[in-house]
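*Asks:* sequence unknown, structure follows:
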Ligand SMILES: [Fe+2]
Ligand SMILES: [Fe+2]
């Protein structure tokens, strides 16, 4: 919530406003503020961190409280440097002209307001909102920026003064050789930034690992997975799940696949199957699980697709081979990996399954040829689904055709 009045703008003859993202504040900013202060006889420099803009590269900026904290640390030894929360506490997009109007209304009538801008901003100034009004509320102080020619800057200043009837000063400063984006990049890879920012700021960045990537969350251990499955699955489903994991390991051994991948995919294949409908629907939205018309009309088919997302986000599985095996364990898909086929088949033949027609045949086939097992199982399943007039997903039919052709080609 914005305060009524910000006292930092009061009781001061010459105010310099220094706006920016300050992500982070660095020694270049401070050196410029100091030079301009000394050259122009400024009484108080007010740093105005921006609310929540995006960086030019589209990455989100550090939340305002942290940027403000760094600014406060940077100016703590400089009593004439002050940090204002004005733009941070205002809601919505803030325009310079609005900020200046507010500040103007709070300052004493004889206060001179100066606004610091880089050469790049002078170049873009005609595109700012109400440039003439801005220049009626303050005087600009332009400073050099790397890559901007001083003579061009001076010409632009002259032309702006004529067009908008205002005053723009030029102050020669050492162009900043430091940039906030360089500091972020260096901090990200753990390189030193001590010479680029005040000591207290460097310490804070280091301690909070501010610009480092958040560590990838480690996958749950096998025991943690099992405990969690016990909590979220019915007893019957939990017993089935343990059977699928056991069967998947046996098949992986036989077909020279990674047994750990097979075991994890087996354990997690039905991890979302017993979620209550309200939770299932909420998570499908939250995890952006694409639901086609078949899945919408037959929610029982959703669990493999949701399960892959749950495995990724809640069990922290990053191995796409495992996630894909979970995703296609019910419909199948053309051209499956061996691991995908193993999970598809293990789900069907696991040792705890109650007997049903075709089970023994499928078990025998699984130990001789995976593709033939796929055809056998899909033919049985599709016939069963059609008999019950349940929803048949077209992906199952495509998978059947794919493997019918695959085994024909082998002959
Ligand atoms: Fe399943
Ligand atoms: Fe299953």
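*Replies:* Sure, I can see it. Small disclaimer: the values here were computed from a predicted structure and weren't measured. Ligands and ions are numbered 1, 2, ... in the order given.

*Asks:* surely residue 229 meets residue 266?
*Replies:* No - using CB atoms under 8 Å as the test, residue 229 is too far from residue 266 to be in contact (11.0 Å). Every residue, glycine included, has its C-beta placed from N, CA and C.

*Asks:* Please list all residues in contact with the closest residue in space to residue 274 that isn't next to it in sequence.
*Replies:* Closest residue in space to residue 274, ignoring its immediate chain neighbours: residue 233 at 5.0 Å, by CB to CB, 6 or more residues apart in numbering. Residues near residue 233 by CB atoms under 8 Å, 6 or more residues apart in numbering: 241, 270-271, 273-274.

*Asks:* Tell me the pLDDT of residue 233.
*Replies:* We note a pLDDT of 96 for residue 233 in this prediction.

*Asks:* Relative to residue 272, how far out is it?
*Replies:* 10 Å (CB to CB, to the nearest Å).

*Asks:* Among the contacts of residue 233, which lie within helices?
*Replies:* With DSSP state H as the criterion, helices contain residue 241 from among these.

*Asks:* before we move on, the earlier item: and residue 229 and residue 266? Which one has more around it.
*Replies:* Neighbour count, other CB atoms under 10 Å: between residue 229 and residue 266, residue 266 has more, with 29 against 20.

*Asks:* ok but that one is inside a helix, no?
*Replies:* Yes - under DSSP: H, G, I helix; E, B strand; the rest coil, residue 266 sits within a helix.

*Asks:* shouldn't it be in contact with residue 248?
*Replies:* Yes - counting by CB under 8 Å, residue 266 touches residue 248, with 3.6 Å between them.

*Asks:* intersection of neighbour lists for those two?
*Replies:* 343, 346.

*Asks:* can you count the residues close to the closest residue to ligand 2 within the stretch 1-150 of the chain?
*Replies:* The minimum distance from the stretch 1-150 of the chain to ligand 2, using CB to the ion, falls at residue 60 (39.8 Å). Per other CB under 10 Å, the neighbour tally for residue 60 reads 10.

*Asks:* May I have the beta-bridge partners of it?
*Replies:* residue 54 (DSSP bridges).

*Asks:* what do you get for residue 170?
*Replies:* residue 142.

*Asks:* So it versus ligand 2, what's the distance?
*Replies:* Residue 170 sits 73 Å away from ligand 2, going by CB to the ion, to the nearest Å.

*Asks:* Touching, that residue and residue 155? I think so.
*Replies:* No - taking contacts as CB under 8 Å, residue 170 lies outside contact range of residue 155: 10.9 Å.

*Asks:* Among these two, which residue is more densely surrounded?
*Replies:* Using other CB under 10 Å as the criterion, residue 170 and residue 155 rank with residue 170 on top: 17 against 11.

*Asks:* Next, the contact list for residue 111, please.
*Replies:* Contacts of residue 111 by CB under 8 Å, 6+ apart are 9, 12-15.

*Asks:* Residue 329 too?
*Replies:* 265, 269, 304, 340, 343-344, 347.

*Asks:* Would you reformat these as a markdown table and include secondary structure and pLDDT?
*Replies:* A markdown table is the format used below for these (DSSP: H, G, I helix; E, B strand; the rest coil; pLDDT from 0 to 100):
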| residue | secondary structure | pLDDT |
| --- | --- | --- |
| 265 | helix | 98 |
| 269 | coil | 98 |
| 304 | helix | 98 |
| 340 | helix | 98 |
| 343 | helix | 98 |
| 344 | helix | 98 |
| 347 | helix | 98 |
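
*Asks:* Of those residues, grab the buried ones for PyMOL.
*Replies:* Per 16 or more other CB atoms under 10 Å, the buried members of the contacts of residue 329 correspond to this PyMOL selection:
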select buried, resi 265+269+304+340+343+344+347
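
*Asks:* Same list, the contacts of residue 329, but only the ones touching ligand 2.
*Replies:* Applying CB under 5 Å from the ion, the subset of these adjacent to ligand 2 comprises residue 347.

*Asks:* From what I see, residue 322 and residue 264 are in contact.
*Replies:* Yes - using CB under 8 Å, residue 322 makes contact with residue 264 at a distance of 5.4 Å.

*Asks:* Output the contacts of residue 233 in CSV, with neighbour count and pLDDT appended to each entry.
*Replies:* Formatted as CSV, these follow (neighbours: other CB atoms under 10 Å; pLDDT from 0 to 100):
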residue, neighbour count, pLDDT
241, 25, 98
270, 23, 98
271, 26, 98
273, 21, 97
274, 16, 96
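
*Asks:* Quick check: the farthest pair among the contacts of residue 233?
*Replies:* Within the contacts of residue 233, two members stand farthest from each other by CB to CB: 241 and 274, at 10.1 Å.
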